[in-house]
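Peer 1: Sequence and predicted structure are below.
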Amino acid sequence: MTNFILALGVWAILPNVPAPQTQDAIDLARVCVSESGFRDTSDCDAIGHLLVRRARRLDVSFFQMIRMYSTRAFDQDRMDRRRWIAYLDGTDNEPVGWPDGPSWERHRGKWIDRIRQAHRVLSGQTPDPCPGSDHWGGAMDDHRVPDTWRRAQCEGETLNRFWIVPRRRR
């Protein structure tokens, strides 16, 4: 683990050094693309922090948590137009199912940037823009949000909404 943290430190100060690959960072990057595309928003940072918090609270690994919360991002059997997301990996290779219209050449670097961003989040280098959030969703999910939940105050622009669930006192 120490070597990985040292590698992250070197990578953070030398931008031309390739980012170390870990499955957690690749998985988070995949979920980030699923939730906010390749847009430059605070969604990825917030989602990463939220999933780490939930994994700790439920005493499960990050690997388990991210798959429990974002099943579609990992479903390679899906047949919709966004199935390519499940095929994003730790390389800059065009994923299976990439649509005909947009150029992968134009998006390749954005995918690698998303993996680097995920590494920064998981290594604690990026602050949580939506502190204390427990869930996220889009406007289409508003009707399912219980009245007791409250919107998290997020710094920066997010495409998703982040929610805080009040805790019961013991």
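Peer 2: Looks like it arrived, so ask away. Numbers count the residues shown, from 1 in each chain.

Peer 1: ok, then the element right after the lowest-mean-pLDDT helix or strand in the chain?
Peer 2: Lowest mean confidence among the helices and strands of the chain (mean pLDDT, DSSP states H and E): helix 2-13, at a mean of 43. As assigned by DSSP states H and E, the chain's next helix or strand after helix 2-13 is helix 23-36.

Peer 1: List the buried residues of that next one.
Peer 2: 24-36 (16 or more other Cβ atoms under 10 Å). In this view, the C-beta of every residue, glycine as well, is placed from N, C-alpha and C.

Peer 1: for stretch 122-132, same thing?
Peer 2: Going by neighbour count (16+ other Cβ under 10 Å), the buried part of stretch 122-132 is 122-123, 126, 128-131.

Peer 1: May I see these arranged in TSV, with pLDDT as well?
Peer 2: Output for the buried residues of stretch 122-132, formatted as TSV (pLDDT from 0 to 100):
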residue	pLDDT
122	96
123	95
126	96
128	98
129	98
130	98
131	97
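
Peer 1: Next one: residue 83 from residue 76, what distance?
Peer 2: Going from residue 83 to residue 76 by Cβ to Cβ, to the nearest Å gives 7 Å.

Peer 1: Identify the contacts common to the two.
Peer 2: residue 96 (Cβ atoms under 8 Å, 6 or more residues apart in numbering).

Peer 1: The two: who's more crowded?
Peer 2: Using other Cβ atoms under 10 Å as the criterion, residue 83 and residue 76 rank with residue 83 on top: 18 against 11.

Peer 1: For the more buried one, which non-adjacent residue is spatially closest?
Peer 2: residue 97 (4.6 Å; Cβ to Cβ, 6 or more residues apart in numbering).

Peer 1: For the one you found, list the residues it contacts.
Peer 2: With contact set as Cβ under 8 Å, 6+ apart, residue 97 has these partners: 83-84, 87.

Peer 1: please redo it, this time with the cut-off set to 10 Å
Peer 2: Residues near residue 97 by Cβ atoms under 10 Å, 6 or more residues apart in numbering: 76, 78-87.

Peer 1: can you put those in a markdown table and add distance to residue 145?
Peer 2: Shown next, in a markdown table, are the contacts of residue 97 (distance: Cβ to Cβ, whole Å):
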| residue | distance to residue 145 |
| --- | --- |
| 76 | 30 |
| 78 | 25 |
| 79 | 29 |
| 80 | 25 |
| 81 | 27 |
| 82 | 24 |
| 83 | 28 |
| 84 | 29 |
| 85 | 24 |
| 86 | 27 |
| 87 | 31 |
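
Peer 1: ChimeraX command to pick out the buried ones of these?
Peer 2: A single ChimeraX command selects the buried members of those (16+ other Cβ under 10 Å):
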select :78,83,84,85,86
